[in-house]
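> Turn this into a model:
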Amino acid sequence: MSDRYNYLHTDAKSALYQGLSTVEARTEWGTTEIAGTHALGLFNAGGDGLIIDGRPEDLLHFVDLLYAHAHAVFDSAGR
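Numbers count the residues shown, from 1 in each chain. Sure, this is the predicted structure:
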């Protein structure tokens, strides 16, 4: 695990979510590091963010697990 962190603010109105094929992602984001068939980009208005690559079904599974975990942690946090 890296000790490098990027902090993103939760302003969803200015967030950018993109799901692209490998070719599209490499062109759009200017990177050659995408090894999977597709990539999911999660960015803030400043362009900082996270790129996750893999097969579509793996990306969906990742998002499903993240969603479930976030709800398990935060659903009762404000009560």
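> Going by C-alpha atoms from here, please, whenever you check contacts or count neighbours.
Noted.
> Tell me where this protein has helices.
Listed in chain order, the helices of the chain (DSSP state H) span 22-29, 56-74.
> tell me the most buried of these?
helix 22-29 (a mean of 15; mean count of other Cα atoms under 10 Å).
> which residues are in contact with that helix?
Identification of contacts with helix 22-29 by Cα atoms under 8 Å, 6 or more residues apart in numbering yields Thr31, Thr32, Glu33, Ile34, Ala35, Gly36, Thr37, His38, Ala39.
> centre of the chain versus it, how much separation?
15 Å (Cα atoms, centre = their mean, to the nearest Å).
> rewinding a little: out of the contacts of helix 22-29, which are inside strands?
Per DSSP state E, strands hold the following members of the contacts of helix 22-29: His38, Ala39.
> I'd like the contacts of helix 22-29 laid out as JSON lines, including pLDDT and distance to Leu16.
Converted to JSON lines, the contacts of helix 22-29 look like this (pLDDT from 0 to 100; distance: Cα to Cα, whole Å):
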{"residue": "Thr31", "pLDDT": "93", "distance to Leu16": "17"}
{"residue": "Thr32", "pLDDT": "93", "distance to Leu16": "20"}
{"residue": "Glu33", "pLDDT": "94", "distance to Leu16": "20"}
{"residue": "Ile34", "pLDDT": "94", "distance to Leu16": "18"}
{"residue": "Ala35", "pLDDT": "94", "distance to Leu16": "21"}
{"residue": "Gly36", "pLDDT": "94", "distance to Leu16": "20"}
{"residue": "Thr37", "pLDDT": "97", "distance to Leu16": "20"}
{"residue": "His38", "pLDDT": "97", "distance to Leu16": "17"}
{"residue": "Ala39", "pLDDT": "96", "distance to Leu16": "14"}
